[in-house]
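Asker: sharing a sequence plus its predicted fold:
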Amino acid sequence: MHVIVGGRSVRVRADRSIGKGGEADVYALGRAQALKLFKPPSHPDFAASVDDRTAAERRIAEQQRKLREFPVDLPGAVIVPEQLAYDANDPSRIVGYAMKRVPRATPLFRLAEPRNRKLTEVEQVLTWLRSVGAALTAIHERGVVVGDFNDFNLLAQGDDVFFIDADSFQFGRFPCRVFTERFVDPLLAGSKPTGLAPRSPMSKESDWYAYTVLVFTLLLGVSPYGGVYRPARASRRVNHNLRPLRRITLFDDDVVRPRASLPLATLADDLLSYFRAVFEDDVRGPFPMQLLGVRFSRCGACGAEFARRSCPVCALTVQLPPKQLRQGIAVDVLREFPKGAQLRAARVTDGAVECLIECGGEVLSSQGGRWTVVGGARYELASRPVVVTATWQLQSVDGRDIYDVVDAWSDEPAVAANEHHVYWVSGGRLMRDAAYSPVEIGRVLSGQTRLWVGARFGVGFYRAGTLTRGFCFHAERQHLDDSVALPQLTGEVVDAQCTVGDRLAWLVIHERRAASSVAHLVVIARDGAVVYQRTAPGHASDWMLSVRGAVAVDSTLLVPTDRGVVRVQIDNGRVRSPHVFAGTVDWVDAESRLFVTREGLVAVSARRVVRLSVVS
């Protein structure tokens, strides 16, 4: 396929794909630019839906006028169309546009996950929020409304934040026709069976409402309508996605907060009062930016940051006994981490759990190692600890051995490790370390690959344009099978988690489709056969959100959740109803990691390592 950009013909190649959404595909156009191409009605992603094909036709027809009238004086934080892209066979027809490329940026939706939020200094979060607020004010001053304001369309690079997908902005005679359910202003919304949908045009006030949702989410690692609503009376129960219409927020006494998120009391009273005014009392208007000038302190005991006189996290922490027997579960504390420590990596070595924690500017191994912290790095435990630096360089934790510069999908480096080896993707080559020099396992797609590995085999997938391909590989041999049958992915992949056992790999892909999300569960055997597959709404099963911390044993998956350990089993190609071990709830949450060791089932959390045993 060829398009015309800036008067020259550009060949669109799948291996230049750098992004994919529900309405468009994005390709690299040199180092400084990206090319966004709208999906035509004939796109394979729309093959199963007449409505999607009709919407695509209408969308492209409107863009013929909208992009030609696009505002030219928007602030630099907005990634605007720089050159229009035309159909090579019909040079008058707009099919997309070229825009500035923002390399190595972090999508702000990553901070909605507590594990990522806790690894980010609050002052950095506040800097990003101020940057977004200043840009939003400038956008409004030019008579433009963002409309679909959401954390998927905000990319952080250094201290700057950029707005992408500006072609959906609302201005003049062109309304914003897309939305993201989590950010829809309930004052403009009506309900549909699965959630909210705007029934009135977007406005500056709805932008500021969405900005307030962003502030809440980035500071606490949870949305204002997050958690689980558990009213005492069954008649008060409501679909999770409809809670904004009832103003049922985390301030409600019947809402149980995700245990890994930060407590409301982390924030100053003035800011909390403003949140309640917006989300419960329907106050609207520009966000009072002075509320983001509050000073935060760091707790010397637990490391939490807070805007109060004393640490609310410590105040809410319940001291647990070193041993406990509850509802048939015996618990033994094997190790307590130092106060203020952060867990960076964990794995099983010779039948025992090895942990890497960050404490006092150093990274400490439970095996006795001690190294200086590498800023912005991701840690993995192989035969020895390795790190991926902020510039995607894979090296030993002491920096003496440099393996390679790894590929990354969005801000996720393509690296995995087991007890014996580290695996990575560089330049589209899947590599494994070896005694003398790295060996190539097979070819994948540069910048578009995710992978995971267990003791005996690994799995992964890559996608570009209309192509989505799953693969599996042997942990020790140079062989890759790229014929794993994955479900069709038509939207934007926002997260992927996997746990690999000796027999099965449990892969969950979270995909953003239009206003909401779905989760695909794919269970893959060691030979690449798919033994089970299911697609469900994004929040249908809490255990599908925590697979990254699970452990797979034969045909069973044990998953850490806020309800405790959940057991999921496959029997004759079907998944049995999950079983919750309620006696583990005090010791396990959705951010814990489970391992099978010579001592039995072990759970590693942010504070301790415990052994869990079923007592008959």
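Answerer: Alright, I've got the coordinates. Everything numeric in this text was worked out from a predicted model, so none of it was measured.

Asker: so which residues of the stretch 1-150 of the chain form strands?
Answerer: Counting by DSSP state E, counting those that start in this stretch, the stretch 1-150 of the chain has strands at residues 2-5, 8-11, 17-20, 24-29, 33-38, 81-87, 90-100, 106-107.

Asker: check contacts around the closest residue to Ala536 other than its chain neighbours.
Answerer: Closest residue in space to Ala536, ignoring its immediate chain neighbours: Ala519 at 5.5 Å, by Cβ to Cβ, 6 or more residues apart in numbering. For the C-beta atoms, the positions are set from N, CA and C on the backbone; glycine is no exception. Counting by Cβ atoms under 8 Å, 6 or more residues apart in numbering, Ala519 touches 508-511, 535-538, 540-541, 544-545.

Asker: how about a cut-off of 10 Å?
Answerer: 495, 497, 508-511, 534-541, 544-545, 547 (Cβ atoms under 10 Å, 6 or more residues apart in numbering).

Asker: of these, grab the buried ones for ChimeraX.
Answerer: Taking 16 or more other Cβ atoms under 10 Å as the burial criterion, the selection of buried members of these in ChimeraX is written as:
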select :495,497,508,509,510,511,534,538,539,541,544,545,547
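
Asker: of the contacts of Ala519, which belong to strands?
Answerer: Judged by DSSP state E, the subset of these located in strands is 495, 497, 508-511, 534-537.

Asker: thinking Asp407 is in contact with Gly428, fair?
Answerer: Yes. The criterion here is Cβ atoms under 10 Å, and Asp407 meets it with Gly428 at 7.2 Å.

Asker: so which of the two has more stuff around it?
Answerer: Asp407 (24 against 17; other Cβ atoms under 10 Å).

Asker: what about the more buried one, distance to Val415?
Answerer: In this view, Asp407 and Val415 are 9 Å apart by Cβ to Cβ, to the nearest Å.

Asker: shared neighbours of these two, which are they?
Answerer: 392, 424-426.

Asker: list just the nearest of those to Pro71.
Answerer: Nearest to Pro71 among the shared contacts of Asp407 and Val415 is Trp392, at 35.3 Å by Cβ to Cβ.

Asker: and that closest one, how close does it get to Pro438?
Answerer: From Trp392 to Pro438 the distance is 16 Å (Cβ to Cβ).

Asker: what strand or helix carries the residue nearest to Ala536?
Answerer: Using DSSP states H and E, Ala519 sits in strand 516-525.

Asker: go on, Phe251?
Answerer: Applying DSSP H and E, one finds Phe251 in no helix or strand.

Asker: quick one: contacts for it?
Answerer: Residues near Phe251 by Cβ under 10 Å, 6+ apart: 224, 264, 272, 275-276, 279-280.

Asker: okay, it and Asp562: tell me how far apart.
Answerer: Taken as Cβ to Cβ, the span from Phe251 to Asp562 is 19 Å.

Asker: same question, Leu364
Answerer: 28 Å.

Asker: next, give phi and psi for Ala105.
Answerer: Dihedral pair for Ala105: phi -100, psi 160, per degrees, to the nearest 10.

Asker: from what I see, it and Phe163 are in contact.
Answerer: No. Using Cβ under 10 Å, Ala105 is not in contact with Phe163; the gap is 11.8 Å.

Asker: hey, what's in contact with both of the two?
Answerer: What both Ala105 and Phe163 touch, as defined by Cβ under 10 Å, 6+ apart, is the set 154-155.

Asker: neighbour count for the two, which is higher?
Answerer: Phe163 (21 against 18).

Asker: hey, what's that one bridged with?
Answerer: Phe163 has these beta-bridge partners by DSSP bridges: Val78, Leu154.

Asker: what's the answer for His520, then?
Answerer: Ile509, Thr535.

Asker: show me where pLDDT drops low in the chain?
Answerer: The chain contains residues with pLDDT under 70 at 118, 191-195, 317-320, 465, 515, 540, 616.

Asker: for it, longest helix please?
Answerer: Counting residues, the longest helix in the chain under DSSP state H turns out to be helix 122-141.

Asker: now the end-to-end length of stretch 177-184.
Answerer: End-to-end distance for stretch 177-184, by Cα to Cα, to the nearest Å: 12 Å.

Asker: ok, now stretch 181-198?
Answerer: Span of stretch 181-198 from end to end, Cα to Cα: 9 Å.
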